[in-house]
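Undergrad: Predicted model and sequence follow; I will ask about them next.
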Amino acid sequence: MKILVDENMPYARELFSRLGDVKAVPGRPIPEQELNDADALMVRSVTKVNAQLLEGKPVRFVGTATAGTDHVDDAWLAQAGIGFSAAPGCNAIAVVEYVFSALLLLAERDGFTLTDRTVGIVGVGNVGSRLQARLEALGVRTLLCDPPRADRGDDGDFLPLETLVRDADILTFHTPLFKDGPYKTHHLADEALIRSLKPGAILINACRGPVVDNAALLARLEAGQRLSVVLDVWEPEPDLNLALLARVDIGTAHIAGYTLEGKARGTTQVFEAFSEFIGQRQQVALDTLLPAPAFGRLTLHGPLDQATLKSLVHLVYDVRRDDAPLRAVAGQAGEFDKLRKHYQERREWSSLYIQCDDADAAALLAKLGFNAVHHPAR
Ligand SMILES: NC(=O)C1=CN([C@@H]2O[C@H](COP(=O)(O)OP(=O)(O)OC[C@H]3O[C@@H](n4cnc5c(N)ncnc54)[C@H](O)[C@@H]3O)[C@@H](O)[C@H]2O)C=CC1
Ligand SMILES: O=C(O)C(=O)[C@H](O)COP(=O)(O)O
């Protein structure tokens, strides 16, 4: 059995070779001749999976090691009898930590305290709900918008998008990309929405580029609207608008979800789904795959304030590490994808073991997702 895997999928060769012959290939563009004798295809978000790619090919299963599935025509796969699995939630923690890294940076630069700000979260799924939990643990007020969940009667105080636009100081988008339908998210942040944001607001998009109308955003920034912007995703990718990149406060190459843990979870989730699909069910413990992190352990003396939290967060991941390289190469053919392919290892906060002599600091850091314990000073 031949299993084609995207070369940007850590641990794929190691895992899938338990089930068949593995060939690693680029995802954009994917070498289509490799599909002529492939039984299974494991992709990431850069590969469009549809009839045009797979009609008449022997592929019986497609896995995508991603949370988003807008690159996959799952309705066509279903009618063609091709099995399909995504990796919901695999990189949600990574995206949350990206957002925190950006917010703590802007807070220090602009001299504000996060607990004095209200954060509007649009899309309260795997990413949005974890972001809400961590912000609330820190004492930050959140406002939530998720019409599909509200319509399903899920627990939660879901508000109309207009309320978030009116009341939030920070508006962050974590929805799928729906091009149409009752919950359409394409250009959800349009000119009118952007214009209505509070003066000095922060707009974050770490879901899919077209959820924010990039041309309208650029026009508002060029018109002098007081707005800070964090963009991890662009309209379009990989050929983002250079004028927009020059105007945003933080700009990165669609790497918010790129922790090693997040990517490894993506690979293991599709591996487990495929093993089940072929009747050879296997499960993988993530910690058997991951290497030891660069920072093992540290001691925190005294209480946790915002500046200390920023130091800890940025010790693990500082978003500037990804902003500068994008600005350096944007506009050069192939460089956006190269940044993503050769991504420097990044870990999650849980990889940092922190001994705190202050019990409240330990409890808060643990709630935020660090591996923190209280260890009284002697
Ligand atoms: N930048 C990156 O590296 C990453 C980007 N993503 C993107 O972020 C999206 C969200 O990720 P997850 O939270 O894991 O997905 P999820 O599917 O768990 O959550 C999405 C939430 O958005 C809600 N939603 C759908 N339509 C909406 C609308 N019109 N208005 C408001 N809410 C709406 C859904 O009901 C759901 O609760 C993914 O679909 C993916 O496109 C995800 C991971 C990494
Ligand atoms: O999971 C998702 O959805 C994402 O956006 C991924 O983090 C994107 O990574 P690639 O699949 O494009 O490598």
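TA: Good, I have the coordinates. Numbers count the residues shown, from 1 in each chain. Ligands and ions are numbered 1, 2, ... in the order given.
Undergrad: ok, residue 321 touching residue 344?
TA: Yes: in this structure, residue 321 is within contact of residue 344 by Cβ atoms under 8 Å, at 7.3 Å. Bear in mind the C-beta positions are built from the backbone N, C-alpha and C, glycine included.
Undergrad: Look at the two and report which has more neighbours.
TA: Each of residue 321 and residue 344 has its neighbours counted (other Cβ atoms under 10 Å); residue 321 has more, 14 against 10.
Undergrad: so who does the more buried one touch?
TA: Residues near residue 321 by Cβ atoms under 8 Å, 6 or more residues apart in numbering: residue 344.
Undergrad: mind running it again at 6 Å?
TA: By Cβ atoms under 6 Å, 6 or more residues apart in numbering, residue 321 lies in contact with nothing.
Undergrad: Do you know the pLDDT at it?
TA: You'll see residue 321 listed with a pLDDT of 98.
Undergrad: Helices along the stretch 51-200 of the chain, start to end?
TA: Using DSSP state H, counting those that start in this stretch, the helices of the stretch 51-200 of the chain run over residues 51-54, 74-79, 92-110, 126-138, 147-152, 161-167, 191-196.
Undergrad: Give me whichever of these is most buried.
TA: The highest average neighbour count among those, using mean count of other Cβ atoms under 10 Å, belongs to helix 92-110 at a mean of 22.
Undergrad: quick check, that helix touching ligand 2?
TA: No: counting by Cβ under 6 Å from any ligand atom, ligand 2 has no neighbours in helix 92-110; the shortest distance is 7.6 Å.
Undergrad: Which elements pack onto that helix?
TA: Here helix 92-110 touches helix 126-138, helix 306-316, going by 3 or more Cβ pairs under 6 Å, 6 or more residues apart in numbering; DSSP states H and E.
Undergrad: For residue 112, which of those is the nearest?
TA: Proximity to residue 112, assessed across the helices and strands packed on helix 92-110 by Cβ to Cβ, is greatest for helix 306-316 (9.4 Å).
Undergrad: other SSEs contacting that closest one?
TA: Judged by 3+ Cβ pairs under 6 Å, 6+ apart, the packing partners of helix 306-316 are helix 92-110.
Undergrad: how much does the helix it packs on deviate in direction from helix 306-316?
TA: Computed by axes from the mean of the first three to the mean of the last three Cα atoms, to 10 degrees, the angle separating helix 92-110 from helix 306-316 equals 130 degrees.
Undergrad: Sort out which residues of the helix or strand bottoming out on mean pLDDT in the chain are buried, please.
TA: When the helices and strands of the chain are compared on mean pLDDT, DSSP states H and E, strand 297-300 comes out lowest with a mean of 94. Buried residues in strand 297-300, counted by 16 or more other Cβ atoms under 10 Å: residue 300.
Undergrad: May I have the strands that pair with that strand, each with its orientation?
TA: The pairing partners recorded for strand 297-300 under DSSP bridges are strand 353-356 (parallel).
Undergrad: quick one: contacts of the partner strand?
TA: Applying Cβ under 6 Å, 6+ apart, the contact partners of strand 353-356 are 297, 298, 299, 300, 362, 365, 370, 371, 372, 373, 374, 375.
Undergrad: With adjacent residues omitted, what lies nearest to the fourth one?
TA: Yep, that's residue 300 we're talking about. Closest residue to residue 300 apart from its sequence neighbours, by Cβ to Cβ, 6 or more residues apart in numbering: residue 356 at 4.6 Å.
Undergrad: OK, now which residue of the stretch 51-200 of the chain is nearest to ligand 1?
TA: The nearest approach of the stretch 51-200 of the chain to ligand 1 comes at residue 125, 1.8 Å away (Cβ to the nearest ligand atom).
Undergrad: Tell me the pLDDT of that residue.
TA: Residue 125 is assigned 98 on the pLDDT scale.
Undergrad: What's the separation between it and ligand 2?
TA: 11 Å (Cβ to the nearest ligand atom, to the nearest Å).
Undergrad: got the contact list for that residue?
TA: For residue 125, the contact set (Cβ under 6 Å, 6+ apart) is empty.
Undergrad: what separates it from residue 66, distance-wise?
TA: Look at residue 125 and residue 66: by Cβ to Cβ, to the nearest Å, they are 14 Å apart.
Undergrad: And residue 215, by the same measure?
TA: From residue 215 across to residue 66, the span is 26 Å (Cβ to Cβ).
Undergrad: neighbour-wise, which of the two wins?
TA: Between residue 215 and residue 66, counted using other Cβ under 10 Å, the more crowded position is residue 66 (26 against 14).
Undergrad: out of everything not next to it in sequence, what's closest to that one?
TA: Closest residue to residue 66 apart from its sequence neighbours, by Cβ to Cβ, 6+ apart: residue 45 at 4.8 Å.
Undergrad: Kindly report the same for residue 136.
TA: For residue 136, the spatially nearest residue (Cβ to Cβ, 6+ apart) is residue 142, at 6.1 Å.
Undergrad: hey, what's the one you found bridged with?
TA: Applying DSSP bridges to residue 142 yields these beta-bridge partners: residue 119.
Undergrad: Enumerate every residue touching it.
TA: Neighbour list for residue 142: 119, 121, 132, 135 [criterion: Cβ under 6 Å, 6+ apart].
Undergrad: Close to ligand 1: what parts of the chain are there?
TA: By the rule Cβ under 6 Å from any ligand atom, the part of the chain lying against ligand 1 is 67-68, 88-89, 91-92, 95, 122-128, 145-149, 174-178, 183, 185, 206-208, 232-233, 254, 256-257.
Undergrad: what about burial for the residues you listed, which qualify?
TA: By 16+ other Cβ under 10 Å, the residues of the chain next to ligand 1 give 67-68, 89, 91-92, 95, 122-128, 145-146, 148-149, 174-178, 185, 206-208, 232-233, 254, 256-257 as buried.
Undergrad: Tally up the residues packed near residue 253, please.
TA: 25.
Undergrad: My guess is it contacts residue 326. True?
TA: Yes: if you go by Cβ atoms under 6 Å, residue 253 and residue 326 touch, sitting 4.9 Å apart.
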